[in-house]
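S.K.: Sequence plus the predicted model coming up.
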Amino acid sequence: MKVGYLGPKGTFSYEACEDYCKKAEEKIEYRTIVETILALEKNEVDEVVIPIENSLHGCVTDAIDTLIQNNDIKVKDEILLDINQNLMSNRKYNIDEIEKVYSHEQALAQCRNYLEKNLPNAKIIPVESTSYAAQKVSKSDEKCACIGNIACLEVYNLELIEKEIQDNIFNKTKFWILSKKENEKIEKNKMSIIFSVKDKPGALYNVLEIFKKYNLNLTKIESRPAKTVLGEYFFWIDVTITEDSNELDAVCEIKENGIYIRILGRY
């Protein structure tokens, strides 16, 4: 089995990939989240591991938007990973010497307060992944640093400037395992779906009422622009599945009302 992940080696995605599939025949790194998902769509890999949501800064928009556009891809499972962000460089700089800080936009967002307080004059530069930032800093002659997984210290021969700089210690990221095959696990406790409704009064309420009718607990609802007409949205919803759930009946009734709905996965 070939598994793709957001690389290079040392990202949190790589850590999640290692946790999930230690016995994978081959692990293939990709430069961006979009490239990682599209590799699955093109059958370059059998599964991919992607970050989908962070407890501090919410949905990873590139991930969910790409999933919305690719109907063949399904959510097979999820992994929750504790995230500790660390400030690292290729030399043991004093913090006030650092002129640039590189990292993925999610990692930068997770450390916003720290950066504003401790590096107010540094240029903050988003890049494709935390490991790409580490890779760049390791080869740089600038007075720069990166933010990322502590594993990057060894992988890229870096120096630790300060550890665990995220703004909140309760920092977790949810990773989805994506595949073109259905989840074969018998026991499933969650369903993720997307749907869209017409821009008219009560349209969203009518869908949510169907979930209530079937006594389904919605643990998440988030909107994403349809990127077609201003005011039209897709909604991403997570539903708790129990032994008594009728989640498929609810989806069926929503479809019967002429509403676009797609099950991303039951896992």
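M.R.: Perfect, thanks for sending it.
S.K.: Going by C-alpha atoms from here, please, whenever you check contacts or count neighbours.
M.R.: OK.
S.K.: Touching, residue 53 and residue 174? I think so.
M.R.: Yes: judged on C-alpha atoms under 8 Å, residue 53 makes contact with residue 174 at a distance of 5.2 Å.
S.K.: can you map out the helices along the stretch 1-150 of the chain?
M.R.: Using DSSP state H, counting those that start in this stretch, the helices of the stretch 1-150 of the chain run over 12-20, 33-41, 61-68, 105-110, 112-118, 130-138.
S.K.: Buried deepest among those helices, which one?
M.R.: helix 130-138 (a mean of 26; mean count of other C-alpha atoms under 10 Å).
S.K.: which other residues reach stretch 40-55?
M.R.: 1-6, 13, 16-17, 28, 33, 36-37, 39, 59-61, 63-64, 70, 72-73, 170-180 (C-alpha atoms under 8 Å, 6 or more residues apart in numbering).
S.K.: give me the number of residues near the residue lying closest to residue 68 once chain neighbours are set aside?
M.R.: In space, and not counting its chain neighbours, residue 68 is closest to residue 194: 7.6 Å by C-alpha to C-alpha, 6 or more residues apart in numbering. Here the number of neighbours of residue 194 (other C-alpha atoms under 10 Å) works out to 21.
S.K.: Remind me what the helix or strand hosting residue 194 packs against, helices and strands.
M.R.: Here residue 194 sits within strand 190-196, counting by DSSP states H and E. Judged by 3 or more C-alpha pairs under 8 Å, 6 or more residues apart in numbering; DSSP states H and E, strand 190-196 is in contact with strand 233-240, strand 260-266.
S.K.: buried stuff in that strand?
M.R.: 190-196 (16 or more other C-alpha atoms under 10 Å).
S.K.: can you pull out the helices in the stretch 151-267 of the chain?
M.R.: Using DSSP H, counting those that start in this stretch, helices in the stretch 151-267 of the chain cover 152-155, 203-213, 247-256.
S.K.: which residues of the stretch 51-200 of the chain score low on pLDDT?
M.R.: 186 (pLDDT under 70).
S.K.: re earlier: in its sheet, what does the strand holding residue 194 sit against?
M.R.: Using DSSP bridges, strand 190-196 pairs in its sheet with strand 233-240 (antiparallel), strand 260-266 (antiparallel).
S.K.: now it against helix 247-256, angle please.
M.R.: Between strand 190-196 and helix 247-256, the angle comes out at 10 degrees (axes from the mean of the first three to the mean of the last three C-alpha atoms, to 10 degrees).
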